[in-house]
Structures are given as structure tokens and as C-alpha cells.
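J.: give the three-dimensional model of this entry:
(chains A, B and C)
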Amino acid sequence: MEKIFDQLNEAQCEAVKQVDGPILILAGAGSGKTKTITSRVAWLIANGIPSSSILTLTFTNKAASEMRQRALSLLDQQIGYPPLLCTFHKFGLLFLKHHMRELGRSNNFVIIDTDDKKRIIRTLETDLPVPMVAAEISRYKNNLISPEEAIQGAQMPNYKKIASLYMRYEAYLTQNNLVDFDDLLALPYKILAQNETLCNEISQRYRYILVDEYQDTNNLQFKLLQKLASTHNNLCVVGDDDQSIYGWRGANINNILDFDKEFPDAKVVKLTKNYRSTSAILKAANELIEHNRNRLGKELESTKEEGKSIEFVHFDDENSEAREIAARIKKLTDSGVDPREIAVLYRINALSRSIEEGLNRAGVPYKMVGGLKFYERAEIKDIIAYLRIITNPHDDFSLKRVINKPKRGLGKATLDKLTDIAYQNDCSMYRVYLDQRERLQESISKKAFGTICTFFDDIADLRNHLEENTYELIDNLEERFGIRNYYGQMPDGQERVLNIDEFYGLYRDFVIQNPEATLEEFLNDITLQSDQDQIDERSISIMSIHASKGLEFEHLFVIGLEEGFFPLVGDGCDIEEERRLGYVAITRAKKELLLSSSSSRYYKGKRAQLQKSRFLAECGVSKGSLKLERTTSFKKGSLVRHKIFGVGRVLEVSKVKREYKLKINFGGTQRDILASFVERI
DNA sequence: TAGAAGCAGATTTTT
DNA sequence: TCTGCTTCTA
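T.: Okay, the predicted model is just below:
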């Protein structure tokens, strides 16, 4: 068992060996956090603690599976039953599957995602912005405020509106037995709070609790943890207050800052030895974060050499920035650097575009991390909606999504009628079809009625055969509804069809791997899955700083260091959180780091003039480093070379969309050519 | 009913 | 500048 400790430093050993009571492990960036948590799980099991009483909670599926793997590899003997290691939300789901009846609801609920949530709010017909209402409802739930309390507490007219929308939204969810992401935490808490016996029982079941990324927990997660740990307080939380970057999403940094106040006998262990970055990079990170006041305070110690100093480059505009960075990346990959060790980070996604253009022009393949997620694509959500109706035809929400997809002539008028009758009878639309067929027939056109009947009969038929042909379901679905064909005809059809087939493949895999599982289980599982693990393409990565958390790269470029872009300023912005983002960005770099800024940028249709970010001075990088001014390289009179037309002289430079268009004289012939197709000589 | 045209709004987003 | 929703019209 001592092999566990061979690989750990002193502080890490201390964190692993402290088994009982509350403990806060402050794990700086690159300090071996995952190793420490997994070693701790292994150590608990090695000490005879049954694996079934250990619960490890993470925020992402990716983190959970990585930890599971690493923990299991540390254990010598086969353990009969792997410890429960999952996301907060998955835990909530498992809990609700067993205890939903405590709330008088059935456990065959369906989980909806954020997009679904907004759709529902939209159907409530409000003049307020839907995303704002969605966020406020989330806030209510995460602070355990019921719709009734929200209505009572609302002062301003808009808040009265929001509170009443909240109430109607909740009614809709209960009526359709839907559960949103917040409910996966709020409902378990509610159940535990109202049933003390159950609460004690659950707390006794999980006698050792570990929490990853504790700085990202919100109020609700904190209260849930309190309940779970209530009978033993064996709560081990791991996190870094300097990496708290989800405050805007409800994460409460005070959870980690005040941990030792909430749990007065808590032990605190700091992991400050950094095994990732050169000391030049760490120095900048430490200097930057020093400017924050609201922090526990720790300084990362380097275990590596000084390394190359951080480079700062200033540009005239985003195009020259993109061109230069693309050129440098090209040079790196040409010299044999593994593209997976190169990344470009930005504060807001809007900055990705110029970089993408630059990379495209330089012929550098890249992957964008965290763009549109697989399960959020319209075509995938449509198929999911079909599958949902098959498991539960009373799911009006999913029904509305696909009842006219592919187009079968059921428009707004028909749908409104159907909705009306359902509303008047306080039942689902499918129930209207079952019990009020005559009434429906009178209200809508003959053609529409026929279409609806066929649609519901098809669904019922698939449902009836579900048990015997789980595997063939997909083929039958395609045969009846032809979704692949419908999407195939769209302009970007090819990609969509590929996505659809990918999804069908996932379903088949699931059926093969879990022959006993129901379709419903499959559906709930995928709603909780964010991104597929990125395919291991050998290409460089570009992503937002948020998306880069937990990753590391030998060569890192952070662009857009300008006031207003990074840090973002204005209402709702927290400069300390912005600074923590800067800290996260810098500490992703292992060997080489380049920061860049630009004098101006196109944003929201305007060209904005910009000042350099204060963070540059704060991390001691803006002065004394290389300053490189570049302008657009094509001017009237420049000599250029074209692959086909050869050498020519530029007569005129103009701009088309985001590209430069050149009028070029090739030996007497004038041609209009995009700047990306020629090189300057 | 369905496509076209007009209009507001546009940080970050683990589940 | 671009996107996605709402309103308009055949």
C-alpha cells in the first residue's frame, strides 16, 4: 500500500492520510490535484473502508471518468464494487430515481436541458428576455426560493412578472413530469430536508465524501453537501479559490473561502508545488493574482527551470494579430511540435473568428473546443424528442417539437387548437387524441386530423414494439418518419446526416452494452452528457479560457488582452473574477506563453478602439518585452505572387466582408483576387 | 401553411 | 456583422 505514497510529495501525503473530519485541500494549478484525490480514494479503500461508503463528486463527466480510471489503477486487488464517483447532477438523478415519490411524483421523469427550458419559458409568452427569465428562475432554485416565496418577495414590476413566470414554469414541469438541471440538485435537497430519517440513512451510507473543484459549488450544492455529511462531517473538499471562474453562473466563492468557518475543526492543506509550468510563467501568474484581495492567499512554487520569458506582442488590428499568431503556430508545427501541445485562448467566443481565418489562410488545421455541442444540435434534439414521445406520448413538450418535422402540414393553427383543447381539459395532447377525438375532429381540418391520427398511431406502434425490438427501433423510426432524409436535403445536410448516424450508432452501442436498460434510461443519460470526449485529432486547439480549465499546453497563445475584452468591464462584471480568469489562462502554459493585444477590433458590427489590458502591467509583462507593430501587408504598388497567375502588382486594395480584395495587374491583365490567395514578395 | 423579410440583441456556460 | 425569432404575404 505504501506505493500510493511513493508518488506523492509531503503536502499531498498529508492530504491523503487525514481521513476523518472536514478537510480543505487547496490545490493550486498544476499541483497534482487529481493524483491527490484518487490516491485518497485508494487509501480509504486500502484502510478497510467499504468502497460503497465513499462518494466522490465532480462537475464534469470527463473529470469523473478520469478519476475513476486513475483510482482503480491504484488499487491492487480487484474490488467487488467500485466507489460511486460521478457528477453532482448524476448523483441527483440517481437519488431522485429512488426517492422521487417522497414528493408525490413518479420516477419516470424526463430531464430537460437549458435549451428546452428556454423553449418552455417562451411558450409562456412573456415580453421579458427569455434568457434573463431562465437565469432568474435558476437563481431562485439555487437559493431554494419557492415560486410562492418569489411572488411574495417581488417588489419591482419585472420581478413580479418573473416570479409568476417561475410559478407557471414549475407547474408546467410538474404537469409534464419534467426535471431541469437545477431540480436535479434542488429536489434531492428538498427531500432530504423534509425527511430526517431518510437524510440520516443516506448520510450514513456515504460516510466519506470527496468534492472536486469545490470553488465552483453554488449555494445549493453547499447545502446538499451539508445534508449528506450531517451525521459524520467526513467531508473532503478540493479546490482553488484563485480558479473560481463561474461566479456569474451562481458559483459562490465564499464556499471555499469560508470552509473553515462552516466547519470549525477543518484541516487545511495547501498544495503549492507546481509541476506544470516554467518559473517564468508561474512568476507572471503569481504576480497577477496578487492583485486580488478576496482570496485565501497562496503562492505557486516552481519545480521547473526559469524557461523562456513571456512574450507580449501588440498589433494594429485583429487581422494582423491572427496572421502573426498563425504564422508562429505554423512555424512550431513545421519544426515538429505536436499540434496537441498548442492552443489559442480568448475571453469571448467572438474573438475566435479572426483567429480561425488566420489559421485557415495559413493552412493550419485546428479544432474548436466547446462550440456547438453534439447533443445541442437541432437534428439530434429532434431525434431525442421522437424517442421521448415513444417512451412517453404525453410529453407535450417533445411532441410540439417534432409534430411537424418533417413538414407534414400541421401548422400553427392546428397546433393551437390542439393545445387549447388540452388546456381546457387539463390533460396532455395525446390524451385529447385518445379521449376527445370527435371534438378534435370538429375543430381542425379533415386533412390535419388525418395527419395527426397517422402520427399518433405510428408513435403508438413503435411504442408497442419497443420491448421486442430495442435494436431495430432506429430503423423503424427512420422508416416511419424519415428524419435523415429530411435533414439531408438541407444546405448543410451532409454534416447533419453524419451527426444523425453518429447518434444512431451511440444508441446501438448503448443497447448492446446495456441490454437490460430502458430507452428512458438512455435518454436521461445523454441529457447529462455534455461533450463527447474530443476525438484525438492531431490538430491545435482554440477555445475560450473557461473551456480550457483543467487542460495544459506547451505552447500557449492568449489573445485579446484589452480593456473591455479582457477584462470585460461593465455591470455584472467582477474584476477579481476576470483576474482569476487571467490566472487560469496563464497557468495553462507549460513552456512558452505569448500574450497579445490589438489597438482595434471589429465587434458587434463596429470597429472599437482599445486600450491595453491592465492585466499586462499587473503580471509584469507589458514593459520590456518585444513590441511588434504590423500593418496590413498589401498596399497599392506591392508586388505579389499568385500560384497560377504568377507575379503581379497591386493596383487597388478594398475590403469584402472580412477579407481584403486586391485588384492586381498580371502582365497587363487585371484580376480581382482575394488577399489570401497571393503572397507578398 | 410556409417561405421571405424585418428586427432586436449579441460574455463566459462544467450539468 | 450575424443570428434567430417574429411578422408579413402569397
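J.: tell me the strands beside the top strand by length along chain A, with direction?
T.: Selection of the longest strand in chain A by residue count, based on DSSP state E, yields strand A:589-603. Paired with strand A:589-603 in the same sheet, following DSSP bridges, are strand A:311-317 (parallel), strand A:553-558 (parallel), strand A:606-609 (antiparallel).
J.: may I have the second one as PDB, with CA atoms only?
T.: Written as PDB, here are the backbone C-alpha positions of strand A:553-558 (Å, rounded to 0.1, in the frame of the first residue of the first chain):
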ATOM      1  CA  PHE A 553      -0.300  23.100 -23.400                       C
ATOM      2  CA  GLU A 554       3.400  23.500 -24.000                       C
ATOM      3  CA  HIS A 555       2.800  26.500 -26.300                       C
ATOM      4  CA  LEU A 556       0.100  28.800 -25.400                       C
ATOM      5  CA  PHE A 557      -1.300  32.000 -27.000                       C
ATOM      6  CA  VAL A 558      -3.700  34.200 -25.200                       C
END
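J.: the longest strand of chain A vs DNA strand B: in contact?
T.: No - using C-beta under 7 Å from any atom of the strand as the criterion, no contacts between strand A:589-603 and DNA strand B are found, and the smallest distance is 8.5 Å. Yep, even glycine has a C-beta here, placed from its N, CA and C like the rest.
J.: over to stretch A:86-95?
T.: Yes - residues of stretch A:86-95 are located near DNA strand B by C-beta under 7 Å from any atom of the strand, namely A:T87, A:H89, A:K90.
J.: what does that stretch contact?
T.: Residues outside stretch A:86-95 that contact it (C-beta atoms under 8 Å, 6 or more residues apart in numbering): A:55-61, A:64, A:84, A:111, A:181, A:183-185, A:187-188, A:191, A:202, A:221, A:224, A:524, A:528.
J.: list the buried ones in it?
T.: When neighbours are counted by 16 or more other C-beta atoms under 10 Å, the buried residues of stretch A:86-95 are found to be A:C86, A:T87, A:F88, A:H89, A:K90, A:F91, A:G92, A:L93, A:F95.
J.: swap in stretch A:463-476?
T.: Counting neighbours by 16+ other C-beta under 10 Å, the buried set in stretch A:463-476 is A:R463, A:T470, A:L473, A:I474, A:N476.
J.: just stretch A:433-452 next, same as before
T.: Within stretch A:433-452, the residues scored as buried using 16+ other C-beta under 10 Å are A:Y433, A:Q436, A:L440, A:S443, A:I444, A:A448, A:F449, A:T451, A:I452.
J.: out of the residues you listed, the closest to DNA strand C would be?
T.: A:A448 (15.8 Å; C-beta to the nearest atom of the strand).
J.: mind listing what that closest one touches?
T.: Neighbouring residues of A:A448 by C-beta under 8 Å, 6+ apart: A:G409, A:L410, A:T414.
J.: do I have it right that the second one meets A:L399?
T.: What that stands for is A:L410. No - with contact defined as C-beta atoms under 8 Å, A:L410 and A:L399 do not form a contacting pair (10.8 Å).
J.: higher neighbour count, the two?
T.: Residue environment comparison for A:L410 versus A:L399 gives the larger neighbour count to A:L399, 24 against 19, counting by other C-beta atoms under 10 Å.
J.: ok, back up a step: and the furthest pair within the buried residues of stretch A:463-476?
T.: A:R463 and A:I474 (14.5 Å; C-beta to C-beta).
J.: looking at chain A, what residue ends up closest to DNA strand C?
T.: Taking C-beta to the nearest atom of the strand, DNA strand C has its nearest neighbour within chain A at A:G605, 2.7 Å off.
J.: any idea how far that residue lies from A:D317?
T.: Using C-beta to C-beta, to the nearest Å, one gets 15 Å for the distance from A:G605 to A:D317.
J.: higher neighbour count, the two?
T.: More neighbours sit around A:D317 than around the other of A:G605 and A:D317, counting by other C-beta under 10 Å; the figures are 18 against 5.
J.: how about the more buried one: what's its closest non-neighbour residue?
T.: The shortest distance from A:D317 to any residue that is not its chain neighbour, by C-beta to C-beta, 6 or more residues apart in numbering, is 5.3 Å, and that residue is A:S600.
J.: beta partners for that neighbour?
T.: When bridges are assigned using DSSP bridges, the partners listed for A:S600 are A:D317, A:Q609.
J.: close to DNA strand B: what parts of the stretch 151-300 of chain A are there?
T.: Residues of the stretch 151-300 of chain A found near DNA strand B (C-beta under 7 Å from any atom of the strand) are A:F181, A:E213, A:D216, A:Y246, A:W248, A:R249, A:A251.
J.: stretch A:373-391 - what's its average pLDDT?
T.: Per-region confidence: stretch A:373-391 scores 87 on mean pLDDT.
J.: what's it in contact with?
T.: In this structure, residues lying in contact with stretch A:373-391 by C-beta under 8 Å, 6+ apart are A:110, A:113, A:115, A:395, A:398-399, A:401-402, A:405, A:459, A:462-463, A:466, A:473, A:477, A:481, A:483, A:487, A:496, A:499-500, A:502-503, A:518-520, A:522-523, A:526-527, A:529-532.
J.: so which bits of that stretch are buried?
T.: With burial defined by 16+ other C-beta under 10 Å, the residues of stretch A:373-391 counted as buried are A:375, A:377, A:379-391.
J.: farthest pair within those residues?
T.: Across the buried residues of stretch A:373-391, the two lying at the largest distance from each other (C-beta to C-beta) are A:R377 and A:T391, at 20.8 Å.
J.: that older thread, among the contacts of stretch A:373-391, which ones are buried?
T.: Applying 16+ other C-beta under 10 Å to the contacts of stretch A:373-391, the neighbour count classes A:110, A:113, A:395, A:398-399, A:401-402, A:405, A:459, A:462-463, A:473, A:477, A:481, A:483, A:487, A:496, A:499-500, A:503, A:519-520, A:522-523, A:526-527, A:529, A:531 as buried.
J.: quick revisit: ok, the residues of stretch A:86-95 next to DNA strand B vs A:Y275, which is closest?
T.: Proximity of these to A:Y275, judged by C-beta to C-beta, is greatest for A:T87, which lies at 26.1 Å.
J.: beta-bridge partners for the closest one, please?
T.: Taking DSSP bridges as the rule, A:T87 bridges to A:T58.
J.: got any ranges where the stretch 351-500 of chain A has weak pLDDT?
T.: A:469 (pLDDT under 70).
J.: can you name the residues of it that neighbour DNA strand B?
T.: For the stretch 351-500 of chain A, the contact set with DNA strand B under C-beta under 7 Å from any atom of the strand comprises A:G370, A:K373, A:N404, A:K407, A:R408, A:G409, A:L410, A:G411, A:K412, A:A413, A:T414, A:A448.
J.: select only the buried ones of those residues in PyMOL?
T.: The buried residues among those can be selected in PyMOL (16+ other C-beta under 10 Å) with this line:
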select buried, chain A and resi 370+404+410+414+448
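J.: show me the residues of the stretch 351-500 of chain A next to DNA strand B that map onto helices.
T.: A:K412, A:A413, A:T414, A:A448 (DSSP state H).
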